[in-house]
Each structure stands twice: as structure tokens, then as C-alpha cells.
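S.K.: how would this look folded up:
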Amino acid sequence: MFGPFFSWWEEHLPRDNALSLVPSNIYIPTIDFLSFFLLLPSQTSGISKFESIGNHSIPFDSLSHETPHPHFQKVRYNPQPHRALPPLEDETDKEAVADQRPIPTPDNDQMELLTQLRFRATARAPAIRRAVRQTTLAMAQLDAMVERMDWRDEPNPGVVVMRQLEHILARLLYRLMAIREGEAHDMETEGDLWRQITH
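M.R.: Take a look at the predicted model:
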């Protein structure tokens, strides 16, 4: 079939003349057209089962779409069966939230007492700070007098000052204790009052 074509090719355009038209620095590979067209599928039976890609060889089976590589296999999602939701209850059977949990509301007398307790707590804070500051100052003065004076010298006027500081310090401590006791009493009274309101 291809015999006349190749004979005409060799007569009219010899290979040497065709290659002479091409510069010497360009390489043209020769192609055997007859071998290319007559290549049968049976001749590929001797090909290795491994395909070379770069420096690695992988089997043809891994390139098949039917058996993908383990790293590229899809994970099947197996959802768990959903549990049946409980039936909705009729809201008309329920009582109102306000009826179940009444809001505690104090009466006029209780509200007045709560207001007084709040005012006392507000006024008590600066009184406590003032008593602590005065007590700290008196203790510092007493320590300074003790370092300078000798208790064995009774006629020394510094001893009299120390006695006065001791009395002042004791009075301040008593005042601070009274404020704390009043605070504890008011907190107890307020707790009892709220228990009466909520019950």
C-alpha cells in the first residue's frame, strides 16, 4: 500500500538532499513511517508492568480509575440513624412562669427598712477607713516614742505622751470594733428581712 509512495519519495527527494537544506546545528530525528503505522497492539505485550515516572516506578494498577491508590480513596460517610424527637407538649397545659415563680415584692415598711440598711452601709465605709487610718497613725507615733524613751524614767514627760497614745489607740480600736459589729448586725437583719419577703 505504501510502496509506491516511498519509491516516489526516494526518486524525487533523496534523503541527503532534504537534510542538506537544513542547517547543521538543527537535529532532525528520522522516523520510520512504515514501522509507526504497522505497530500492532500485540507488540506491546512485552512492556513492563511498571511505568517509570522520574526516578520512581509505580505499577500500572495504581493508575487505573477502578482501583485508586489507597491515599486517594474516598472515605464513605456512614451516618448514624437519628433518634426520634420527643413529641411537643401543649403549652396551654403549662402554667405561666409568673404564676410558678412569683417575684418577691416587699411592702412599704420592709422597703423603708431596706433603704435605711443601705444608707447605713454607705455611710459605714468612710467611717471604717477613717478609724483604720487614725489607728495606724497612733500606733506609728507610739512605736516612735518607745524607741526614743526609757520606761524606767518615770518623771520623763515622754512617758505621759505614751500613756495618752495608748488610750487614744484603745479608743480607736473600740470604735472600729463597734463599726464592725453594727455591720454584722445590719447584714443579719437584711438577711432575715429577705427571707420573710421570699416566703
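S.K.: what residues does L137 make contact with?
M.R.: Neighbouring residues of L137 by Cβ atoms under 8 Å, 6 or more residues apart in numbering: there are none. In short, each C-beta sits where N, CA and C put it, glycine included.
S.K.: so I197 makes contact with Q110?
M.R.: Yes. In this structure, I197 is within contact of Q110 by Cβ atoms under 8 Å, at 6.2 Å.
S.K.: which ones are touching V146?
M.R.: Here V146 is in contact with M162 (Cβ under 8 Å, 6+ apart).
S.K.: and it, what's its pLDDT?
M.R.: Listed pLDDT for V146 reads 73.
S.K.: tell me if it really is in a helix.
M.R.: Yes. Under DSSP: H, G, I helix; E, B strand; the rest coil, V146 sits within a helix.
S.K.: measure it to M162 for me?
M.R.: 7 Å (Cβ to Cβ, to the nearest Å).
S.K.: and for A178?
M.R.: 25 Å.
S.K.: of those two, who's got more company?
M.R.: Taking neighbours as other Cβ atoms under 10 Å, A178 and M162 compare with M162 leading, 18 against 12.
S.K.: does that one count as helix, strand or coil?
M.R.: Applying three-state DSSP: M162 is helix.
S.K.: what's the answer for A125, then?
M.R.: A125 ends up helix, using three-state DSSP.
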